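Colleague: When you get a sec, could you give me coordinates for this:
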Amino acid sequence: MDKIGLTYNTEKEQIVIPEYGRCIQEMIKKLPEIEDRQQRTEAARYIISLMAQMNPQVKESSDYEHKLWDHLHIISGHKLDVDSPFAPPKPITQRNKPQHIGYQNHEIRYGHYGHYLSKMIEAASKEENDEVRDALALSLAALMKRDYLEWNKSVVNDQIIFDDLKNISNGRLVVTDESKLDNNPETSGRMQQQRQQQQQGKKKKKKVPNLKANMNNPNNPAYKLRMQQLGKM
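Modeller: Numbers count the residues shown, from 1 in each chain. Below is the predicted model of the structure:
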């Protein structure tokens, strides 16, 4: 907008250190215009006190004064000539932008199982021992079903898992149709253990003796004592 006296911050110079605001930056830019070195130094000390007020949390560090003088030189563009109690910091050279590390472009046939599970299947398919390979196939099938249920919360048919395992391993890992996988392999063992603990923790109810029936039993000592008190014995 071309209106007189109307300016926007986006049109002004960028703030070097936003914590101190634009006013502090404008004051620092005016310091080189003071010709007398002593007066320029006194003005710099006054701006340092204002910077401490604008950013009071800087006082939490032990060397906060040194830090404020460094910020003063940085905001001035390292062009300030004053009697500073600390040596001015060296200008930071412009650093080149680091190269992009790139993204992993693994070709996964079944994305919901993940790359690492595919690597595990590849390693297990190289096992020569048949019994070990079958045990690994069943364990990997359980992991595959767990990962499958993370993407699809509905129940999945075990045969789908077995077919996917066979396809990924190029026919090396085969699970028999008699094997069954739990719908939640991660928690099934834990739930079964909790059920066993609950069953073991249940206390058996003690049978409470029937006092009325025992009082009519002649062999009961309480019955004999009662009869004696009544004078019948």
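Colleague: Outside of the helix or strand where residue 24 lies itself, list whatever touches it.
Modeller: Using DSSP states H and E, residue 24 maps to helix 21-30. With contact meaning CB atoms under 8 Å, 6 or more residues apart in numbering, helix 21-30 is reached by 9, 12-13, 15-17, 47, 50-51, 54, 72, 75-76, 80. Where C-beta positions appear, they are placed from N, C-alpha and C, glycine not excepted.
Colleague: mind running it again at 10 Å?
Modeller: Helix 21-30 is contacted from outside by 9, 12-18, 20, 43-44, 46-47, 50-51, 53-55, 71-77, 79-80, using CB atoms under 10 Å, 6 or more residues apart in numbering.
Colleague: Buried ones in that helix, by neighbour count?
Modeller: Neighbour-count burial for helix 21-30 flags 24, 25, 27, 28 (criterion: 16 or more other CB atoms under 10 Å).
Colleague: Please produce a markdown table containing those residues, extended by distance to residue 145.
Modeller: As requested, those are exported to a markdown table (distance: CB to CB, whole Å):
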| residue | distance to residue 145 |
| --- | --- |
| 24 | 62 |
| 25 | 62 |
| 27 | 68 |
| 28 | 65 |
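Colleague: Pipe the residues you listed into a markdown table and attach pLDDT and distance to residue 109 per row.
Modeller: Formatted as a markdown table, these follow (pLDDT from 0 to 100; distance: CB to CB, whole Å):
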| residue | pLDDT | distance to residue 109 |
| --- | --- | --- |
| 24 | 91 | 60 |
| 25 | 91 | 58 |
| 27 | 93 | 65 |
| 28 | 92 | 62 |
